[in-house]
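Participant: this is a predicted model, with the sequence first.
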Amino acid sequence: MKYYSTNQQAPTASLAEAVIGGLAPDRGLYMPERIETLPTSFYSNIDRMSFHEISCRVAEAFFGEDIPQEKLDAIVRDTLAFDTPVVPVKKGIYSLELFHGPTAAFKDVGARFMARMLGYFISQKGDIKEVTVLVATSGDTGSAVANGFLGVPGIQVVVLYPKGKVSDIQEKQFTTLGQNITAVEVDGTFDDCQRLVKSAFVDEELNRHLNLTSANSINIARLLPQSFYYFHAYAQLKRMGVADQVVVCVPSGNFGNITAGLFARRMGLPVSRFIAANNRNDIFLQYLRTGIYTPAPSIATVANAMDVGDPSNFARILELYGKSWERIKGDISGYSFTDEEIIRCIARVYKSDSYLLDPHGACGYLGLEQGLQSHETGLFLETAHPAKFLGTVEKAIEGTVPVPETLQRFMAGVKYSVPMTSRFEEFKDYLLSRK
Ligand SMILES: *Cc1c(COP(=O)(O)O)cnc(C)c1O
């Protein structure tokens, strides 16, 4: 399968080129040239298939031409070492829990898959011995990528994060790992970290000495595997007998997660429509209302993994719908919620339904409450474990939240990071010195 750039100014790429390159040379995002519709027999049998079987079939539709089946199945098996259960919350509303992976957020799925696929392509190529993955993080991406890539041969990971601006638990998830993971603690903001990474990618001298790549959500190998759990969720709803009119609500920041859902629907997954739930960063909602896309600086909120003022996957959504605002509006509606609404929702749902939401999942839940009709089944994506946002959640419910063992283990680890200023020359020297 070939991959083309959303900017249409770059040659098409092979899967290996798209995965190793990340962004297309014209700064566009890669899209698969074809999206296969899965046969009706797949959908009529799906409730009798395991998560692994379902995912292998979906993976084959995307990657079957480029990776031998045995290898692809192994990558899928390795990636999905945990479940993504659908849990009823109240009448008509179900939670798709995506926080049972090693770093307790949905990004584990995409990061683990991409790490293994990249590892495979490096092992196949004689000319590349080692790739250095650079990733700037404001929290969750760094932890998912670092843990997803931990111990994968041929890959070094450098995580840049703003000093003092990520939570303790997030910091511990990428500073305590060792092996092929290095954390760089930048005396600056998240934007500084991103600037350092971007400058590194275009620096000629660095690119002569190192094979640099990114692992952010624009990478096609992180995006597409996120469709697996939409199919698996549908299978579970079908088993419960409530899969007729499914509406999926996705708490969205960079819109990678919802884009994977839109791919699933394009492959025939019977989902009626989608809702994109935003925090106060509501660029997409404004687009739905006006047809005009206006990026803005991000605003800090309690659902901070969605504090995005220029969602990078918007270009892919446009592409999926032939750039038609009408068609996009027909399939996706949107809502945005303030910090107070999010916190009140966490408290209310905990009290009335004994279900503990994290601030992102709360946006998803609220989106369904606002947008669901009585004949529909609502599924929201619970994208992180509430214990990852302990301060906000404990304040909301006025009680303590038990921290899962996986997260506790990180807290017990010893932090190691490389201190750095926000000057590019210093970061560049550091990267060269690692050679
Ligand atoms: C990254 C993240 C999101 C946003 O996902 P996108 O794919 O960027 O839209 C939502 N919730 C949590 C917990 C996240 O980590």
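Facilitator: Nice, I can see it.
Participant: would you mind listing what in the stretch 1-150 of the chain touches the ligand?
Facilitator: 105, 107, 140 (C-beta under 6 Å from any ligand atom). Using the backbone N, CA and C atoms, a C-beta is placed for each residue, glycine as well.
Participant: so the second one makes contact with Ala144?
Facilitator: Think Lys107. Yes. At 3.5 Å, Lys107 and Ala144 qualify as touching, with contact defined as C-beta atoms under 8 Å.
Participant: who's more crowded, these two?
Facilitator: Neighbours per residue, other C-beta atoms under 10 Å: of Lys107 and Ala144, the larger number sits with Ala144, 31 against 27.
Participant: how close does Ile317 get to the ligand?
Facilitator: Distance, Ile317 to the ligand, by C-beta to the nearest ligand atom, to the nearest Å: 11 Å.
Participant: and that residue, helix, strand or coil?
Facilitator: For Ile317, the secondary structure call by DSSP: H, G, I helix; E, B strand; the rest coil comes out as helix.
Participant: neighbouring strands - and their directions - for the longest strand seen in the chain?
Facilitator: Assignment by DSSP state E gives strand 155-162 as the longest strand of the chain. Note on strand 155-162: by DSSP bridges, its sheet partners are strand 131-136 (parallel), strand 181-186 (parallel).
Participant: would you mind writing the CA trace of the next helix or strand after the first one as PDB?
Facilitator: In the C-terminal direction, the helix or strand that comes right after strand 131-136 (DSSP states H and E) is helix 140-149. Listed in PDB are the C-alpha atoms of helix 140-149, where the atom choice follows Å, rounded to 0.1, in the frame of the first residue of the first chain:
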ATOM      1  CA  ASP A 140       1.000  11.700  28.500                       C
ATOM      2  CA  THR A 141       2.700  11.300  25.100                       C
ATOM      3  CA  GLY A 142       6.200  11.000  26.700                       C
ATOM      4  CA  SER A 143       5.100   8.300  29.000                       C
ATOM      5  CA  ALA A 144       3.300   6.200  26.400                       C
ATOM      6  CA  VAL A 145       6.100   6.500  23.900                       C
ATOM      7  CA  ALA A 146       8.900   5.900  26.400                       C
ATOM      8  CA  ASN A 147       7.200   2.700  27.700                       C
ATOM      9  CA  GLY A 148       6.000   1.600  24.300                       C
ATOM     10  CA  PHE A 149       9.600   1.800  22.900                       C
END
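Participant: tell me which parts of the stretch 301-435 of the chain are close to the ligand?
Facilitator: Counting by C-beta under 6 Å from any ligand atom, the residues of the stretch 301-435 of the chain near the ligand are 305-306, 360, 383-384.
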